[in-house]
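> Sequence plus predicted model, see below.
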Amino acid sequence: MFGSFPRALRAAHLVACVTLLVSPASADPANAQGGRQTPPPALVPTFESLPHTALPTARFEGWCGQNGRYILDENGQLNAYEAGTKVAAVAVSPGHAWQCSRDGRQLINISIPHVFMVDIASGDSQWIASYDEKTFGNVAFSPDFKSVASSTPLELKPQAPQLKVILVRDKSTASKTERPDWIKWSEDGSEIAVVYPTSVDILDRDGVTIASMTKPGNGWVKDGWFEKDQRALTLFMEQEQPPGFILKCSVAGKRCLARTRIESVSFGGRGTVGTVIPLGRPPVREDDSILISKEYAAEIRSANSRLLVRQVFSTRTGLRPFHIAVSPSGKWSILTWDDENQPGCVYGQGDAALYKCGQGMLVDLTKVIK
């Protein structure tokens with residue numbers, strides 16, 4: 001059952017308690033000249049106006065599978081949720097890399113230098129591989145868990161399922177040798193994205209390079225998504241000082257173009273895109289502290305860029321930073337933030353205090369993605 005909008009967020013002077021009016025992109029100015037009545041502006045709902053429920057005090061870890069399951073870190077314990085209800089405790093320690101199967105029932109747990117396959121419901125774990133921890137390898141499994149791409153050699157264990165291992169090589173440039181920074185498979189398992197410090201390679205399912213693109217050397221990859229036709233790759237890059245930026249890497253253009261000042265971005269199913277963008281002029285830097293804008297706009301857009309949801313959030317009452325995550329099905333979105341006013345929330349005093357800061361809401365998007 002969906003709950004009410006979080007009380008702390010109501011007090012944050014949100015420019016969101018009313019529905020926004022946006023002129024339809026398809027409106028034809030010729031209609032007025034012909035004497036026909038101009039259609040009324042389209043109504044754009046806010047996150048608050050859609051069915052939603054508050055998340056428990058926790059940190060959102062990510063979506064798990066294609067069916068709306070997600071993982072929360074609650075005071076050092078990972079738990080799996082569906083539609084706001086806890087369905088299982090996850091036998092994985094916070095901070096370890098993990099990757100869920102398509103159905104969300106199993107996950108790969110990478111606890112350097114070991115790789116485990118975990119059944120979420122039962123908690124049963126199988127040790128399936130290991131590698132030399134000195135190599136700091138990147139390991140990514142295909143969506144069906146039948147193949148694995150790794151930047152370091154893997155030693156498969158006898159109990160491991162049959163796995164096709166693709167070794168992703170270092171890349172030599174004119175000045176140095178670059179190691180892979182990030183690896184991810186496409187949703188259908190047909191291609192693999194490999195990000196190096198100054199380039200991006202696309203490999204086929206057998207590890208053969210089919211495209212290579214240049215990229216700026218700054219920032220690191222937070223996440224990335226293939227376009228439906230696999231001809232482009234979008235990367236969200238973070239930096240030491242937020243906001244981050246988006247790289248749109250085109251196979252045809254053989255390079256990655258940047259869009260700056262993006263606080264958070266997420267690509268979900270049906271081409272649905274969620275973004276959080278700082279509003280107004282960038283704050284003036286006075287020291288090395290994190291720069292926080294006064295307001296942020298959170299938006300959900302369709303594959304053809306139609307605005308589906310929009311809400312503006314103020315940071316004046318201690319709410320920050322804002323992050324968005326659209327589900328792989330495109331039917332849900334999770335919006336999260338830290339609230340400094342929560343009991344026990346103390347920045348700069350370790351993870352235990354930060355666990356008490358995390359707030360958020362699960363939003364049902366089915367009404368706007370028809």
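That came through, no problem.
> C-alpha from now on. contacts and neighbour counts both.
OK.
> Now name the helix or strand holding the spatially most central residue of the chain.
For the chain, Ser266 is the residue whose C-alpha lies nearest the centre (Cα atoms, centre = their mean; 4.6 Å). Using DSSP states H and E, Ser266 sits within strand 264-267.
> That strand: what's the following helix or strand?
strand 273-278.
> who's in contact with that following strand?
Contact with strand 273-278 is made by 243, 261-268, 293-303, 322-326, as judged by Cα atoms under 8 Å, 6 or more residues apart in numbering.
> Next, Lys134: secondary structure please.
At Lys134 the chain is in helix, as set by DSSP: H, G, I helix; E, B strand; the rest coil.
> per-residue confidence at it?
Per-residue confidence (pLDDT) for Lys134: 83.
> who's in contact with it?
So Lys134 contacts nothing (Cα under 8 Å, 6+ apart).
> Could you do the one 3 residues further on as well?
The neighbours of Gly137, taking Cα under 8 Å, 6+ apart as the test, are Tyr131, Ser150, Ser151, Thr152.
> From the residues you listed, which land in strands?
Ser150 (DSSP state E).
> Could you save the contacts of Gly137 as JSON lines and add columns showing distance to Gly76, pLDDT and neighbour count?
Output for these, formatted as JSON lines (distance: Cα to Cα, whole Å; pLDDT from 0 to 100; neighbours: other Cα atoms under 10 Å):
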{"residue": "Tyr131", "distance to Gly76": "26", "pLDDT": "94", "neighbour count": "18"}
{"residue": "Ser150", "distance to Gly76": "28", "pLDDT": "97", "neighbour count": "21"}
{"residue": "Ser151", "distance to Gly76": "29", "pLDDT": "96", "neighbour count": "22"}
{"residue": "Thr152", "distance to Gly76": "29", "pLDDT": "95", "neighbour count": "21"}
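> Which of the contacts of Gly137 sits closest to Ser289?
Nearest to Ser289 among the contacts of Gly137: Ser151, at 34.7 Å, using Cα to Cα.
> what about the nearest residue to Ala89 once chain neighbours are set aside, neighbour count?
Of all residues not flanking Ala89 in the chain, Asn79 sits nearest, at 4.4 Å (Cα to Cα, 6 or more residues apart in numbering). For Asn79, the count of nearby residues is 20 (other Cα atoms under 10 Å).
> What are the boundaries of the helices in the chain?
All helices of the chain, identified by DSSP state H, fall at 7-10, 30-33, 351-354.
> re earlier: mind listing what the residue nearest to the centre of the chain touches?
Ser266 neighbours (Cα under 8 Å, 6+ apart): Val273, Gly274, Thr275, Ile324, Ala325, Val326.
> can you check Asn138 too?
Asn138 neighbours (Cα under 8 Å, 6+ apart): Ser150, Ser151, Thr152, Pro180, Asp181, Trp182, Ile183.
> Serialize the residues you listed to CSV and add fields for distance to Ala89.
Formatted as CSV, the contacts of Asn138 follow (distance: Cα to Cα, whole Å):
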residue, distance to Ala89
Ser150, 28
Ser151, 31
Thr152, 31
Pro180, 33
Asp181, 30
Trp182, 28
Ile183, 27
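> out of these, who's nearest Leu235?
Of these, the one sitting nearest to Leu235 (Cα to Cα) turns out to be Trp182, at 10.5 Å.
> Tell me the bridge partners for the closest one.
In this entry, Trp182 is beta-bridged to Val195, by DSSP bridges.
> so where's the protein shaky on pLDDT?
For the chain, residues meeting the criterion pLDDT under 70 lie at 1-42, 347-350, 352.
> Touching, Glu155 and Ser130? I think so.
Yes. Between Glu155 and Ser130 there is a contact under Cα atoms under 8 Å: 5.3 Å.
> before we move on, back to that, got the contacts of Ser266 as CSV, with neighbour count and distance to Ala89 columns?
Output for the contacts of Ser266, formatted as CSV (neighbours: other Cα atoms under 10 Å; distance: Cα to Cα, whole Å):
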residue, neighbour count, distance to Ala89
Val273, 25, 29
Gly274, 26, 28
Thr275, 22, 30
Ile324, 25, 23
Ala325, 23, 21
Val326, 27, 22
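> which residues sit in contact with the residue nearest to Phe322 when sequence neighbours are not counted?
Sequence neighbours aside, Trp337 is the residue nearest to Phe322 in space, at 4.6 Å (criterion: Cα to Cα, 6+ apart). With contact set as Cα under 8 Å, 6+ apart, Trp337 has these partners: Leu319, Arg320, Pro321, Phe322, His323, Gly358, Gln359, Gly360.
> what about Glu155 and Ser130, which has more around it?
Between Glu155 and Ser130, counted using other Cα under 10 Å, the more crowded position is Ser130 (18 against 13).
> From Val284, how far out is that one?
47 Å (Cα to Cα, to the nearest Å).
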